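> Build the 3D model from these lines:
(2 chains)
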Amino acid sequence: MIFLTRRAAFSASHYYWNETWPVEKNERVFGRCANRNGHGHNYTLEVTVAGEPDPVTGFVVDLNWLKDVMEREVLSAYDHRHLNLEAPEFKKAIPTTENIAIAAWQRLEPAINSGGVGAAGGARLSRIRVYETPEIFAEYRGEA
Amino acid sequence: MKAYFGRRYLVSASHRLHTGELSTGENRAVYGKCNNPHGHGHNYVVEVLVGGAVDAETGMVVDLVALDGAVRKQVLNRFDHANLNLDPLFRDSVPTTENFSKAIFSLLSDALPQGELEYVRVEETENNFFECSARG
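Have a look, this model is predicted:
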């Protein structure tokens, strides 16, 4: 089994706020991230796909195809956007790095696992990593 | 849903690779430059990965500030700007980065504010790193 990873960058703003909590609790739990004017990050998205290399092409997936899938499913929705206000999955869920990793998985899994032209050889989405800064990241592996 | 939260910390420390089990010549042959009697140092990067359910109210696996506090108390205060050979944990073992990653894993695994320690990765330089995992 080969694990292939592609990176992409997106820049977005967000804030952390739980509508069911009073202001004071939001500010205590989320600190500076609770500023309702938002703040932003240069995120790095890492998408890892697992599979066997195709006997003819030697590819697990075509990297250009994967790049286009990431662009269409994730970057077009997140890059230079306010995640709380513009991404429907964060109308309710808080756009923490953990939740962004899960949401990116949900956006990418149907396209990658459908085995389209680019995903020959039964490649499957294996891991999503989202770096909020070079020192802070979250990972989702499709676990319940 | 289970997810993982990762954080990278910097630890600057000195060490010398030397064991009383080997002769002076053997130590020099095995450890090379790292056997210099005066020691040497690294900017270690300690990467900690914590796994657990994403809390429905906060959207978090672990609170970053609480995790930082635990790592500071258990790891950074102990090892940053210190000589690893003088730490009691390395009285009977050589402070290789393999053993350093195991030591950090055992110091942190029961001290996390939330979640389970998935791995500790210690990068000794940009070109080598060591991982101690919960999976043994």
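
> contacts and neighbour counts: CA atoms only from here.
OK.

> who are the neighbours in contact with residue 35?
Went with chain A since none was named. A:Tyr15, A:Tyr16 (CA atoms under 8 Å, 6 or more residues apart in numbering or on different chains).

> not quite, I wanted chain B
B:Asn35 neighbours (CA under 8 Å, 6+ apart): B:Arg16, B:Leu17, B:His18, B:Asn27, B:Arg28.

> Give me the contact status of stretch A:122-141 with chain B.
Yes: interface with chain B: stretch A:122-141 contributes A:Pro134, A:Glu135, A:Ile136, A:Phe137, A:Ala138, A:Glu139, A:Tyr140, A:Arg141 (CA under 8 Å from any CA of the partner chain).

> for stretch A:91-105, that is, sorry about that
Yes: looking at stretch A:91-105 against chain B by CA under 8 Å from any CA, the contacts come from A:Ala93, A:Ile94, A:Pro95, A:Thr96, A:Glu98, A:Asn99, A:Ile102.

> Mind giving me the packing neighbours of the helix of greatest length in chain A?
For chain A, the longest helix by residue count, based on DSSP state H, is helix A:97-113. When contacts are defined as 3 or more CA pairs under 8 Å, 6 or more residues apart in numbering or on different chains; DSSP states H and E, helix A:97-113 sits against helix A:63-70, strand A:124-133, strand A:136-140, strand B:2-15.

> could you dump the helix or strand that the last one is followed by to PDB, C-alpha only?
Next in sequence after strand B:2-15, counting helices and strands by DSSP states H and E, comes helix B:24-31. As requested, C-alpha coordinates have been extracted for helix B:24-31 and formatted as PDB (Å, rounded to 0.1, in the frame of the first residue of the first chain):
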ATOM      1  CA  THR B  24      36.200   4.600  25.600                       C
ATOM      2  CA  GLY B  25      37.200   3.400  22.100                       C
ATOM      3  CA  GLU B  26      33.900   1.500  21.600                       C
ATOM      4  CA  ASN B  27      31.900   4.600  22.600                       C
ATOM      5  CA  ARG B  28      33.800   6.700  20.200                       C
ATOM      6  CA  ALA B  29      33.300   4.100  17.400                       C
ATOM      7  CA  VAL B  30      29.600   3.800  18.100                       C
ATOM      8  CA  TYR B  31      28.600   7.400  18.800                       C
END
